[in-house]
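> structure of the sequence below:
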Amino acid sequence: MSNILCTICARGGSKGVKNKNIKELNGKPLIAYTIEQAKDSGLFEHIVISTDSDDIANVAKQYGAEVFFKRSEEMASDTAGKLDVIKDAFKRSEEHYNKTFDYLIDLDATAPLRSVEDIINSFKQFKENDNDNLITAMPSRRSPYFNLVEQDKDGKVYLSKKLDNSIVRRQDAPKSYDMNASIYIWKRDIILNKDSLFLENTGLYVMPEERSIDIDNELDFKFVEFLMKEKNNA
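Have a look, this model is predicted:
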């Protein structure tokens, strides 16, 4: 068993979809998919849930995750940063289990379409490239150099990023990626001592769009439900 901690952070006060993390999705709670993927990866001795919700904690325990602390009100507020919440769970876990973890993998409960292989292969890539941390993303559908625009306070519209030479085809723009909030990986000293996701040695694991939907609203939820049914009927 690798010395890797898995954390799954699931706040109770979801705004876009009420009770999102435990809402039934194709027959089981949303968070159950991520717990089962973590277990099936065989990478973790401990799968720890950070939540402020007793209901989420109870469901997570039913599916085999560990919930040994309740997230503080400060860490469960709308202003709490995700990185701070993950770091809090990591520190609490080392203290609770009285051990030092070499790596931390955080899996977002709202990304149930990831595969077990995505977890295993992203960690393999992370180790092979000796990254300090790793994020996951899919190729972006829109390019900041071609068809992603911003509008300033005066109403002026402009491309998000400009090149010295203008381009007329999206295919000619530099590659860009859309973070899918699915898998995050850190070395121990990095999660404890750095306050940014984007470092000199950050790795990128690219996933296909069909496994990259991050559920943020009711439309996302219905779309994921549709994709799961299509896959089951294939």
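
> contacts, neighbours, all on C-alpha from now
Fine.

> the longest strand in this structure is where?
When secondary structure is assigned using DSSP state E, the longest strand within the chain turns out to be strand 177-187.

> which other helices and strands contact that strand?
For strand 177-187, the packing partners by 3 or more C-alpha pairs under 8 Å, 6 or more residues apart in numbering; DSSP states H and E come out as strand 103-107, helix 116-128, strand 133-139.

> and for the first one, what are the contacting residues?
Residues outside strand 103-107 that contact it (C-alpha atoms under 8 Å, 6 or more residues apart in numbering) are 3-9, 34, 86, 90, 182-188, 191.

> got it, and the second one?
Counting contacts by C-alpha under 8 Å, 6+ apart, the residues outside helix 116-128 that touch it are 37-38, 40-41, 43, 133-134, 183, 185, 203, 205, 207.

> what's the angle from that helix to strand 103-107?
150 degrees (axes from the mean of the first three to the mean of the last three C-alpha atoms, to 10 degrees).

> and residue 47, that one's in a strand?
Yes - the assignment for residue 47 (DSSP: H, G, I helix; E, B strand; the rest coil) places it in a strand.

> the closest residue to residue 187 other than its chain neighbours bridge partners, please.
Nearest in space to residue 187, with sequence neighbours left out and distances taken as C-alpha to C-alpha, 6 or more residues apart in numbering, is residue 103 at 4.7 Å. On DSSP bridges, the residues paired with residue 103 through beta bridges are residue 4, residue 187.

> what about residue 103, distance to residue 190?
In this structure, residue 103 lies at 9 Å from residue 190, with C-alpha to C-alpha, to the nearest Å as the measure.

> so which of those two has more stuff around it?
Here residue 103 and residue 190 are compared on neighbour count by other C-alpha atoms under 10 Å; more neighbours surround residue 103, at 21 against 17.
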